[in-house]
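**Q** Quick one: sequence and predicted model below, then my questions.
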Amino acid sequence: MTPGREADEVEVVPPRIPEQSAAASGPKHAGIEAGLGAELAPVVSGARRRALRDGDRRIDTAHLLHSLLECDPEVRAVFEGGPQLARLLGYLVQRSIGYGLRWRSADENSGAVPAPARGSWSPVAADAMGEAYERAVLRGDERARGLDLLAAVVADPRSRAVEVLGRAGVDLPRLRERVENGHEECVAGGDAG
């Protein structure tokens with residue numbers, strides 16, 4: 001307690017990891033989270049925390065992939081079992097504790113966009129978020145789900161998530177096929193209910 005304060009006063013301590021609103025992520029990406037479903041809120045929050053904790057300038061697709069794997073059982077289900085998931089998560093953890101150090105000096109884009117403030121979205125991650133929403137709209141949904149975001153993340157060859165998946169030995173064409181089949185099963189299951 002600070003000297004001179006009353007014993008019943010509570011001192012407010014700011015959080016260790018600052019929360020950042022979508023608007024604070026930059027003017028271009030202010031509405032980026034608007035088309036995401038409630039199930040993606042923890043994914044976005046986890047990706048944001050991971051980027052801040054790791055000291056990365058931007059939230060990138062590898063942060064999104066890591067959070068998707070942790071938060072979404074439908075996403076985990078499209079991977080080919082425990083060993084593949086364990087290898088992939090191991091790679092993502094390595095990335096967050098040191099492997100990603102070499103990425104901190106480079107942005108996940110073509111280099112044409114100047115680096116914004118810490119914690120904003122990389123252009124590739126922002127594009128994936130927009131693509132996820134577009135996929136949901138084409139399916140007739142108002143909000144994107146985890147499989148929409150995963151499909152968008154793995155569709156872009158510039159994404160760090162694609163690099164991590166490749167290094168972890170994931171067959172990308174097979175994964176893309178499984179994501180599409182997962183979408184079809186989700187739509188069929190949703191229509192039946």
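**A** Looks like it arrived, so ask away. Numbers count the residues shown, from 1 in each chain.
**Q** moving C-terminal of the one helix or strand H63 maps to, what's the next helix or strand?
**A** With the criterion set as DSSP states H and E, the secondary-structure element containing H63 is helix 61-71. Sequence order places helix 73-77 as the next helix or strand after helix 61-71, per DSSP H and E.
**Q** The next helix or strand after that next one versus helix 61-71: what angle between them?
**A** Beyond helix 73-77 in the direction of the C-terminus, DSSP H and E gives the next helix or strand as helix 81-97. Between the axes of helix 81-97 and helix 61-71, defined by axes from the mean of the first three to the mean of the last three CA atoms, to 10 degrees, the angle is 130 degrees.
**Q** For helix 81-97, name the packing helices and strands.
**A** Under the contact criterion of 3 or more CB pairs under 8 Å, 6 or more residues apart in numbering; DSSP states H and E, helix 81-97 touches helix 41-54, helix 61-71, helix 160-167. No exception for glycine: its C-beta is placed from N, CA and C like everyone else's.
**Q** okay, those helices, which one's buried deepest?
**A** helix 61-71 (a mean of 26; mean count of other CB atoms under 10 Å).
**Q** Number of residues surrounding E131?
**A** Taking other CB atoms under 10 Å as the criterion, the count of residues near E131 is 18.
**Q** list the buried ones in the strand or helix carrying R135?
**A** R135 is part of helix 123-139, with elements assigned from DSSP H and E. Of the residues in helix 123-139, those scored as buried under the neighbour-count criterion (16 or more other CB atoms under 10 Å) are 123-133, 135-136.
**Q** Any chance of TSV for these, columns pLDDT and distance to R53?
**A** Rendered in TSV, the data for those read as follows (pLDDT from 0 to 100; distance: CB to CB, whole Å):
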residue	pLDDT	distance to R53
P123	92	22
V124	93	20
A125	93	17
A126	92	20
D127	92	24
A128	93	21
M129	92	20
G130	92	25
E131	93	26
A132	93	24
Y133	92	27
R135	93	29
A136	91	29
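**Q** Return, as residue ranges, the portions of the protein with sub-threshold pLDDT.
**A** Applying pLDDT under 70 to the predicted model, the residue ranges of the chain that meet it are 1-32, 34-35, 96-107, 109-119, 183-193.
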